[in-house]
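Participant: sequence below, structure please.
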Amino acid sequence: MNRSIVLKNRPKGRPRQTDFLFVSEEKPVLQAGEMILKTKYVSVDPYLRGRMNDAKSYVAPFELDKAISSGVIAQVTESNLAEFSMGDYVYGMLEWKEYQSSRGIGLHKVDGDKAPLSAYLGVLGMTGLTAYLGLSEIGRPKSGETVVVSGAAGAVGSVAGQIAKIMGCRVVGIAGTDEKCEMLTSDLGFDAAINYKTTGNIRKAIATACPQGVDVYFDNVGGDISDAVLVKINQFARIVVCGAISVYNLTSLPQSLSVQPFLVRNSALMQGFIVNDYAAKFPEAMQILTKWLEEGKLNYAETIVEGFDQIPQAFIDLFDGKNKGKMVVKIAGTQ
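Facilitator: Numbers count the residues shown, from 1 in each chain. Sure, this is the predicted structure:
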């Protein structure tokens, strides 16, 4: 039999195990113009929480009682497609199923000899593209500027901070444990890190770490942390709004500072984005990220959880900050 994971309920607040349902079905049978894929690695990401709501967004919500989908690395086990052969590894948006059929649309081959397969869900996947394009297209950091990254020990933040360092900036990361802060400064090259959970005064901590103010803020969390950064932005600062994980599970509208006075008095830019806004730049960005990785300029952190049945819990754990770097689920039997 073949297992899939469907959305049983639309979560109220923080997702729970009971919002997901494991369903057994027949394994797909190869048809003309198709290939059969076996799931190897599954990406779980905070943005999936928004797709679980029945609300207008930049992408359609998940349907109840239908399989959830996200970034997946899969292996071709059978193929009737000329461009894909048995044994090939592919990446794309695929369903949370152990096996599935595909016509190959939107799938790309990946090479496990050039980088670990899981990296194509992280630093060499949408995570890396999001970090690079958010910074280069909106943040536009200049050498010598100060860049602050919230959610800095997460998938996108850990890459964004390193890219800012490559671009010659002073980089300050904000994370939720001393262990994560140590990783940022010791392993990833950040100049300073702030544990927002233990610092007595987040505004003071930001001011101390950023004596020249903040020129670029790469925002992954929203909420109180982002309010505190706003107070320290410089003239012509750029605020890159990538995510807002701190408010995704709220059941009422959050109460925050009014951003307009800070933006007006500093002639600052604040822009949200979706990485697909810059799809035309993906090939160029991938070349740059791959080169930096090969040259040792980029490191990446991963939290790998094993087992298909652990996918829902791995997703839930994102909201407790249990990941360092990219959260990936490795399916049993995967090398």
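
Participant: make it CA atoms for all contacts and neighbour counts henceforth
Facilitator: OK.

Participant: what about stretch 282-290, distance to the chain center?
Facilitator: Stretch 282-290 sits 17 Å away from the centroid of its parent chain (CA atoms, centre = their mean, to the nearest Å).

Participant: one more: stretch 123-142?
Facilitator: For stretch 123-142, the separation from the chain centroid amounts to 11 Å (computed by CA atoms, centre = their mean).

Participant: ranges for the strands of the stretch 1-150 of the chain?
Facilitator: Using DSSP state E, counting those that start in this stretch, the strands of the stretch 1-150 of the chain run over 2-7, 20-25, 35-43, 69-79, 89-95, 99-102, 108-110, 146-150.

Participant: the stretch 151-300 of the chain now?
Facilitator: 170-175, 192-195, 214-219, 233-241, 269-272.

Participant: export the ones you listed to JSON lines and tack on distance to F22?
Facilitator: Formatted as JSON lines, the strands of the stretch 151-300 of the chain follow (distance: least, CA to CA, whole Å):
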{"stretch": "strand 170-175", "distance to F22": "33"}
{"stretch": "strand 192-195", "distance to F22": "37"}
{"stretch": "strand 214-219", "distance to F22": "34"}
{"stretch": "strand 233-241", "distance to F22": "34"}
{"stretch": "strand 269-272", "distance to F22": "35"}
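
Participant: would CSV of these with mean pLDDT, mean neighbour count and distance to I68 be doable?
Facilitator: Shown next, in CSV, are those (pLDDT from 0 to 100; neighbours: other CA atoms under 10 Å; distance: least, CA to CA, whole Å):
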stretch, mean pLDDT, mean neighbour count, distance to I68
strand 170-175, 98, 26, 29
strand 192-195, 98, 22, 33
strand 214-219, 98, 27, 26
strand 233-241, 98, 22, 25
strand 269-272, 98, 14, 25
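
Participant: nearest to S226 among these would be which one?
Facilitator: Closest approach to S226 among the strands of the stretch 151-300 of the chain (CA to CA): strand 214-219, 7.0 Å.

Participant: same for that closest one, what does it pack against?
Facilitator: Under the contact criterion of 3 or more CA pairs under 8 Å, 6 or more residues apart in numbering; DSSP states H and E, strand 214-219 touches strand 146-150, helix 223-230, strand 233-241.

Participant: for E78, find the nearest of these.
Facilitator: Closest approach to E78 among these (CA to CA): strand 233-241, 41.7 Å.

Participant: return the alpha-carbon coordinates of that closest one using PDB.
Facilitator: The C-alpha trace of strand 233-241 is given here as PDB (Å, rounded to 0.1, in the frame of the first residue of the first chain):
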ATOM      1  CA  ILE A 233      16.700  51.800  11.100                       C
ATOM      2  CA  ASN A 234      18.800  54.400   9.300                       C
ATOM      3  CA  GLN A 235      17.900  56.900   6.600                       C
ATOM      4  CA  PHE A 236      17.200  55.100   3.400                       C
ATOM      5  CA  ALA A 237      17.000  51.700   5.200                       C
ATOM      6  CA  ARG A 238      15.500  48.700   3.300                       C
ATOM      7  CA  ILE A 239      13.200  46.300   5.100                       C
ATOM      8  CA  VAL A 240      12.800  42.900   3.400                       C
ATOM      9  CA  VAL A 241       9.700  41.300   4.600                       C
END
